[in-house]
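**Student:** Can you look at this prediction? I've put the sequence above it.
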Amino acid sequence: MHPFHHAASTPDKLAIRMANSGASLTYAGLEARSNQAAHLFRACGLRRGDTIALLMFNSLDFLPLAWGAQRSGLIYTCISTKLTADEAGYIVTDSGAKLLVVSAGLEAVARGLPQVPHRFAAEGEIPGYQPLETALAAQPATRIADESPGRDMLYSSGTTGRPKGVTGPLPEGPIDTPNALLMLVSHLYGFGPETVYLSPAPLYHAAPLRYCIAVHQFGGTVIVMEKFDPERWLALVEEHRVTHSQVVPTMFVRLLKLPDEVRTRYDLSSLRAVVHAAAPCPIEVKERMIDWLGEKIYEYYSATEGAGFTAISPQEWLRKKGSVGKSLLGEIRILDEAGNLLPPGREGRIFFHGGPPVAYHNAPEKTAEVTGEHGTTFGDIGYVDEEGYLFLTDRASYMIISGGVNVYPQETENILIMHPKVADVAVIGVPNEELGEEVKAVVQPKDWAEAGPALEAELIAWCRERLSHIKCPRSVDFDPELPRHDTGKLYKRLLKDRYWPKKPG
């Protein structure tokens, strides 16, 4: 259950291929590259329990670096390439990273990152950073003498906008010890040595990273897209006889919007399972995907924290449309606002009881906010039916999920409220056919006479100068007065109801 086994038994088998460039590594190559990375980490003085940070686009070096950290007993933190220097820098500092790798195309962000003892530039040059390729080439391709298992520490933002590092103890034992994810993907989706896995999303996200790692543990092949394109996804399935892929609902929408002659042009018969998660999928979208690809669309519900996990097969979903499945990890408990357990059919906050413990790096107070006697909550609202199937109905914190990416309104509101022409502001998610939700700002201007397209453009530009674009509003509406209580509480539901269709009944 580790690439070093497959490098010994099937050294010439394809481990990684980049979809656009065609750059690839066999298992022998992956083994050599990850060993060189492990030696580099040791040469930089890193020991078990230390942290490295990767701020990288999808590239051929990404997974070998992760494997190098895994076999060195290191913690590897993967950072979104969409963040600003301030946002990424916070993660670099908070994680305690002693080594940082940045993709050459991110030079503008790299210049603003905090100093760490060792900095490397991947696939190009960045002033002040050592060339990664040169540093790796100088290292031996043999295994380090003191191998031990490492783990990822990925950051999941909170409602205040500052991200939280999902941490936990380092694994013990040999580096090839199986984990719970391996058992899940084998049982649910049939992962194995013959798996050809198409990964269309950024590898810094939890699911793409962890599923690619799992494929390598089984000895399968990973095809990595540098960037998702719907027709290219279809072509890659045909070209590589892809058996498995994981997507977000936004990708389903883009696939379905292709002309019929394009969608029917490619042979997709090799597909066994297309897995989706990360955001709610409209029932109609999923129905159309099943009509197109057959009963191969699988869904799960979880979070980076990993405290709970539900799953549903396409056959179950057709019987329980809208459900995210039954729990396979942790007992689902639904609580009302007073903390009372609710019976089936009653909506409340979702908790997973009895699953793995959750801890946030350097943030015990944030850990306490999501854990309690009934387990861990991701902050979502939903209900279970009489058969134990979970249905999601709302987001407790009004978190916006746009194209599978979590956006937390408070951070954006804090930026917009500082604009001199803004008296009050609320940021909400509104329907978007392709993204699921898009970010909208509702602004109370200081001078109502200025409300209009010019101010809208000015506010969007103001926000984009200070935050990553995914967090910024796509549009701004104006309101003479936002619905606030005398205590200062903003009734966001009243704003959201203007944009979202009313639920039946």
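**Tutor:** Nice, thanks for sending it over.
**Student:** C-alpha from now on. contacts and neighbour counts both.
**Tutor:** Noted.
**Student:** Make sure I have this right: Asn20 is in a strand.
**Tutor:** No. With DSSP: H, G, I helix; E, B strand; the rest coil as the criterion, Asn20 is assigned coil and is not in a strand.
**Student:** count of neighbours near it?
**Tutor:** 13 (other Cα atoms under 10 Å).
**Student:** That one reaches Ile223, doesn't it?
**Tutor:** No. The criterion here is Cα atoms under 8 Å, and Asn20 misses it with Ile223 at 9.9 Å.
**Student:** give the contact list for Arg474.
**Tutor:** Shown in contact with Arg474 (Cα atoms under 8 Å, 6 or more residues apart in numbering): 438-440, 460.
**Student:** can you confirm Leu182 is in a strand?
**Tutor:** No. Per three-state DSSP, Leu182 lies outside any strand segment and is helix.
**Student:** separation between it and Ala141?
**Tutor:** 27 Å (Cα to Cα, to the nearest Å).
**Student:** centroid residue for this structure?
**Tutor:** Nearest residue to the geometric centre of the chain (Cα atoms, centre = their mean): His205, 3.3 Å.
**Student:** now it: how far from Ser59?
**Tutor:** Taken as Cα to Cα, the span from His205 to Ser59 is 14 Å.
**Student:** tell me the secondary structure for Arg254?
**Tutor:** Quick answer, by three-state DSSP: Arg254 is helix.
**Student:** what phi and what psi does the backbone show at the closest residue in space to it that isn't next to it in sequence?
**Tutor:** Excluding its sequence neighbours, the residue lying closest to Arg254 (Cα to Cα, 6 or more residues apart in numbering) is Pro230, at 6.1 Å. Per-residue torsions, Pro230: phi -60, psi -50 (degrees, to the nearest 10).
**Student:** so what's Pro230 up against?
**Tutor:** 251, 254-255, 258.
**Student:** could I get those residues as CSV with neighbour count, pLDDT and distance to Ile415?
**Tutor:** Compiled in CSV, these are given as follows (neighbours: other Cα atoms under 10 Å; pLDDT from 0 to 100; distance: Cα to Cα, whole Å):
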residue, neighbour count, pLDDT, distance to Ile415
Met251, 22, 87, 30
Arg254, 16, 83, 31
Leu255, 18, 92, 35
Leu258, 13, 92, 37
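**Student:** got those as a markdown table, with distance to Arg48 columns?
**Tutor:** Shown next, in a markdown table, are the contacts of Pro230 (distance: Cα to Cα, whole Å):
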| residue | distance to Arg48 |
| --- | --- |
| Met251 | 38 |
| Arg254 | 43 |
| Leu255 | 44 |
| Leu258 | 48 |
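**Student:** Nearest to Lys320 among these?
**Tutor:** Nearest to Lys320, judged by Cα to Cα, of the contacts of Pro230 is Met251 at 22.5 Å.
**Student:** Might you list the low-confidence residue ranges for this structure?
**Tutor:** By pLDDT under 70, the low-scoring segments of the chain are 157-161, 279-280, 394-397, 484-489, 502-505.
**Student:** Which secondary structure elements does the helix ranked longest in it sit against?
**Tutor:** The longest helix of the chain (DSSP state H) is helix 27-43. Packing contacts for helix 27-43, counted by 3 or more Cα pairs under 8 Å, 6 or more residues apart in numbering; DSSP states H and E, involve helix 3-9, strand 14-18, helix 62-70, helix 132-137.
**Student:** tell me the angle of it relative to strand 14-18?
**Tutor:** If you take axes from the mean of the first three to the mean of the last three Cα atoms, to 10 degrees, helix 27-43 sits at 80 degrees to strand 14-18.
**Student:** Name all residues that make contact with Ala277.
**Tutor:** By Cα under 8 Å, 6+ apart, Ala277 lies in contact with 247-249, 299-301.
**Student:** Quick one: those as TSV, columns for distance to Ser402 too.
**Tutor:** Converted to TSV, those look like this (distance: Cα to Cα, whole Å):
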residue	distance to Ser402
Val247	14
Val248	10
Pro249	10
Glu299	18
Tyr300	18
Tyr301	16
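**Student:** Quick check: buried residues in the longest helix of the chain?
**Tutor:** 27-41 (16 or more other Cα atoms under 10 Å).
**Student:** After it, which helix or strand is next?
**Tutor:** Next helix or strand after helix 27-43 toward the C-terminus (DSSP states H and E): strand 51-55.
**Student:** ok, which stretches of the stretch 251-400 of the chain are helices?
**Tutor:** Ranges of helices in the stretch 251-400 of the chain, per DSSP state H, counting those that start in this stretch, are 260-263, 283-293, 314-319, 364-370.
**Student:** Arg272: which of those is closest?
**Tutor:** Closest approach to Arg272 among the helices of the stretch 251-400 of the chain (Cα to Cα): helix 283-293, 9.6 Å.
**Student:** For the closest one, give me every contacting residue.
**Tutor:** For helix 283-293, contacts defined as Cα under 8 Å, 6+ apart pick out 249, 252-253, 256, 268, 296-297, 314, 321-322.
**Student:** Tell me which two of those residues sit farthest apart.
**Tutor:** Spatially, the most separated pair among the contacts of helix 283-293 is Leu268 and Gly322, at 25.4 Å (Cα to Cα).
**Student:** How is this structure partitioned into domains?
**Tutor:** 18-177, 302-395, 400-496 (automatic domain parsing).
**Student:** Make JSON lines out of those and add distance to Val237.
**Tutor:** What follows is these, written out as JSON lines (distance: least, Cα to Cα, whole Å):
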{"stretch": "domain 18-177", "distance to Val237": "11"}
{"stretch": "domain 302-395", "distance to Val237": "20"}
{"stretch": "domain 400-496", "distance to Val237": "22"}
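**Student:** which stretch among those domains comes nearest His240?
**Tutor:** Closest of those to His240 is domain 18-177, at 10.0 Å (criterion: Cα to Cα).
**Student:** if I look at the most far-flung residue of the chain relative to its centre, how far off is Asp229?
**Tutor:** Relative to the C-alpha centroid of the chain, counting by Cα atoms, centre = their mean, Ala449 is the outermost residue, at 41.7 Å. Note on Ala449: its distance to Asp229, by Cα to Cα, is 43 Å.
**Student:** And for Leu74?
**Tutor:** In terms of Cα to Cα, Leu74 sits 34 Å off from Asp229.
**Student:** Which one's more surrounded, those two?
**Tutor:** Remark: of Leu74 and Asp229, Leu74 carries more neighbours, 27 against 14, as counted by other Cα under 10 Å.
**Student:** Let me know how buried the residue nearest to Gly375 when sequence neighbours are not counted is, in neighbour terms.
**Tutor:** Sequence neighbours aside, His353 is the residue nearest to Gly375 in space, at 4.0 Å (criterion: Cα to Cα, 6+ apart). By the criterion of other Cα under 10 Å, His353 has 21 neighbours.
**Student:** And Glu287, by the same measure?
**Tutor:** 17.
**Student:** contacting residues around Leu236?
**Tutor:** Shown in contact with Leu236 (Cα under 8 Å, 6+ apart): 19, 198, 242.
**Student:** and which of these is nearest to Cys78?
**Tutor:** Leu198 (19.8 Å).
**Student:** Just the element for Met108, please.
**Tutor:** Quick fix: residue 108 is Ala, not Met. Using DSSP H and E, Ala108 sits in helix 107-111.
**Student:** what angle sits between the following helix or strand past that helix and strand 51-55?
**Tutor:** Using DSSP H and E, the helix or strand that directly follows helix 107-111 along the chain is strand 118-122. Interaxial angle of strand 118-122 relative to strand 51-55 (the same axes, to 10 degrees): 30 degrees.
**Student:** could you show me where the strands are in the stretch 201-350 of the chain, in order?
**Tutor:** Under the criterion DSSP state E, counting those that start in this stretch, the stretch 201-350 of the chain contains strands at 221-224, 244-247, 273-276, 297-301, 309-312, 326-329, 331-335, 348-353.
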